[in-house]
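Asker: The sequence and its predicted three-dimensional model are supplied below.
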Amino acid sequence: MSRRRRGLWVVAGIAATAVLLCCGLGGAVALSGLFDQQDTPAVNLSGCGQKLRAYRDLPAVSGYTDAQRSRAYDIVKAGIKLKVPPRGWVIAVATALQESGLKVYANDNPSYPLVKAHSMALPHDAVGHDHDSVGLFQQRPKPPEGAGGWGTVKELMDPTTSAEKFYRKLLSTSGWQQDPLTIAAQAVQGSAYPDAYAKWESDATNLVNALTGGAARTAANASGARSVGTCAANGQIAASGWVQPVKAPISSGFGPRGGFVHYGVDLAAPRGADIRAAAGGLVITAECEPSTGDCDRDGSASTPGCGWYVEIRHADGVDTRYCHMVSRPVVHVGQTVAAGTVLGHVGMSGNADGPHLHFEVHLRNDLSSNGAIDPVPFMRDKGVPLGRS
């Protein structure tokens, strides 16, 4: 436990928290008959997900039109066909959200007239064309002389074909399942605005979950469309891009504690256990707190501060904090880390009366108490429930 920077007190709590069940869904559910087409392979999402509804019965997703949901459906379908793990579906949908708003034509109407650009007759996509880029992913067509490009205009204006081309490039990128979404998407797209993909990660996750009954909560490192596998287990990265920071029971939860507020949860991992980045992002803090304190020794309930700690800035305005490391963090400020990267090791520096990780989640890039939320439901929604030993 800790008295953290910015004057936020964290007070001891001993109440045990019940072990959380994976995703709250039980049993193996096969995604056979995913689509109306007969050639679509079955996908096994044991413990997470349900059968994707028929095209005509697409579930509603708040904030998105029928046309946009159908384009997300096309992207997921293409990923299943190519046996891409669900993490790839999330990355692809987020990329299409940024590039085209999940629309192919103006008003998503295939009859919209062609426009002239760079001496080529190109369909005008929903948000205007960038030079000669078209389609869901704003891919550049092959020029008349035949050198370069992603394919013909006709191919790139077809959602399934353009998605398949995106996936093939993604699959050839080393480490894409662990990388922050922005890095994975940028490795495919080569965008002039690579950071823009970050703001769509939550929406893409929600769309994939809605269309598949929770596939973004499955393990991202599963391989093969016939064994996309299970809800993310201990230490596995979910398709949402998140992983447990440590595998340990919760010893103190989020909320009021004897007149103060505990702005995170304590995970009772043993001394020396690896502390991992809960998602890909940028290290913005790696220091001893308070700065005048001695973090290279065990603290106590009366010792101030987080001790050795790390803060990471993730996509979509989310920050995480990791307190009470046994020694100096093994990462540094300005370092980009992947989900699961070791940040340091469990100890009891700072305001701690026993070895544990104090873990916090903050929204809106607000690391004060105003931005703090309960990490338990947040992580459960990402597919990596806290509290499992």
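Answerer: Alright, I've got the coordinates. The structure displayed is predicted, hence computed values, not measured ones. Numbering: from 1, shown residues only.
Asker: Sketch out the low-pLDDT regions of the stretch 51-200 of the chain for me.
Answerer: Across the stretch 51-200 of the chain, the ranges flagged by pLDDT under 70 are 51-55, 57, 105-132, 143-148.
Asker: Sketch out the strands for it, chain order is fine.
Answerer: 114-117, 120-123 (DSSP state E, counting those that start in this stretch).
Asker: Residues in contact with stretch 371-380: which ones?
Answerer: 17, 20, 23-24, 242, 244, 250, 253-255, 263-265, 278, 319, 359-365, 385-387 (Cβ atoms under 8 Å, 6 or more residues apart in numbering). The way it works is simple: take the backbone N, C-alpha and C, and place the C-beta from them, glycine included.
Asker: Repeat the analysis, applying 6 Å as the threshold.
Answerer: With contact meaning Cβ atoms under 6 Å, 6 or more residues apart in numbering, stretch 371-380 is reached by 254, 263, 265, 359, 361, 362, 363, 364, 386.
Asker: try stretch 180-196
Answerer: Under Cβ under 6 Å, 6+ apart, the answer for stretch 180-196 is 91, 94-95, 98, 166, 169-170, 173, 176, 197-198, 201, 280-281, 315.
Asker: For it, list every residue counted as buried.
Answerer: Across stretch 180-196, burial judged by 16 or more other Cβ atoms under 10 Å covers 180, 181, 182, 183, 184, 185, 186, 187, 188, 189, 191, 196.
Asker: where's the fourth one relative to residue 349, distance?
Answerer: The one in question is residue 183. 31 Å (Cβ to Cβ, to the nearest Å).
Asker: quick revisit: which of the contacts of stretch 180-196 has the most neighbours?
Answerer: residue 91 (34 neighbours; other Cβ atoms under 10 Å).
Asker: so what's it closest to, chain neighbours aside?
Answerer: Computed as Cβ to Cβ, 6 or more residues apart in numbering, the closest residue to residue 91 that is not its neighbour in sequence is residue 184, at 5.1 Å.
Asker: Is it correct that residue 208 is in contact with residue 92?
Answerer: No. Counting by Cβ atoms under 6 Å, residue 208 stays clear of residue 92, with 9.3 Å between them.
Asker: Which parts of the chain are helices?
Answerer: Here the chain has its helices, by DSSP state H, at 66-81, 86-100, 153-156, 159-171, 181-189, 201-212, 375-382.
Asker: mind checking which of those helices is nearest residue 343?
Answerer: Ranking those by proximity to residue 343 (Cβ to Cβ) places helix 375-382 first, at 15.7 Å.
Asker: Kindly calculate the angle that that closest one makes with helix 201-212.
Answerer: 60 degrees (axes from the mean of the first three to the mean of the last three Cα atoms, to 10 degrees).
Asker: what mean pLDDT would you report for helix 375-382?
Answerer: Averaging pLDDT along helix 375-382 gives 92.
Asker: Check stretch 346-355 too.
Answerer: 95.
Asker: Now tabulate the buried residues of stretch 180-196 in a markdown table and tack on distance to residue 335.
Answerer: Listed next are these as a markdown table, based on distance: Cβ to Cβ, whole Å:
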| residue | distance to residue 335 |
| --- | --- |
| 180 | 12 |
| 181 | 17 |
| 182 | 15 |
| 183 | 13 |
| 184 | 18 |
| 185 | 20 |
| 186 | 17 |
| 187 | 18 |
| 188 | 23 |
| 189 | 23 |
| 191 | 22 |
| 196 | 22 |
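Asker: wait, which of those residues is closest to residue 329?
Answerer: Looking at the buried residues of stretch 180-196 and their distance to residue 329, the nearest is residue 180, at 18.6 Å (Cβ to Cβ).
Asker: I'd like to know how far the closest one sits from residue 194.
Answerer: 10 Å.
Asker: so of the helices of the chain, which one's packed in deepest?
Answerer: The highest mean neighbour count among the helices of the chain, using mean count of other Cβ atoms under 10 Å, belongs to helix 86-100: a mean of 28.
Asker: mind saving the C-alpha coords of it as CSV?
Answerer: Provided in CSV are the C-alpha atoms of helix 86-100 (Å, rounded to 0.1, in the frame of the first residue of the first chain):
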residue,chain,number,x,y,z
PRO,A,86,-8.7,-12.2,-32.8
ARG,A,87,-6.0,-9.6,-31.9
GLY,A,88,-5.6,-9.1,-35.6
TRP,A,89,-9.4,-8.4,-36.0
VAL,A,90,-9.2,-5.6,-33.4
ILE,A,91,-6.2,-4.1,-35.1
ALA,A,92,-7.8,-4.3,-38.6
VAL,A,93,-11.1,-2.8,-37.4
ALA,A,94,-9.3,0.1,-35.6
THR,A,95,-7.3,0.8,-38.7
ALA,A,96,-10.3,0.9,-40.9
LEU,A,97,-12.1,3.2,-38.4
GLN,A,98,-9.2,5.7,-38.7
GLU,A,99,-8.7,5.4,-42.4
SER,A,100,-12.3,5.4,-43.7
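Asker: Now do it against helix 66-81, angle only.
Answerer: Using the same axes, to 10 degrees: helix 86-100 against helix 66-81 is 140 degrees.
Asker: So what touches helix 86-100?
Answerer: Helix 86-100 is contacted by residues 72, 75-76, 79, 102, 125-127, 136-138, 166, 170, 177, 181, 184-185, 196-197, 200-201, 204-205, 207-208, 215-216, 218, 220, 239 when judged by Cβ under 6 Å, 6+ apart.
Asker: Residue 333 and residue 286 touch, don't they?
Answerer: Yes. Residue 333 is within contact range of residue 286, at 5.5 Å (criterion: Cβ under 6 Å).
Asker: Between these two, which has more neighbouring residues?
Answerer: Ranked by neighbour count (other Cβ under 10 Å), residue 333 and residue 286 place residue 286 first, with 22 against 13.
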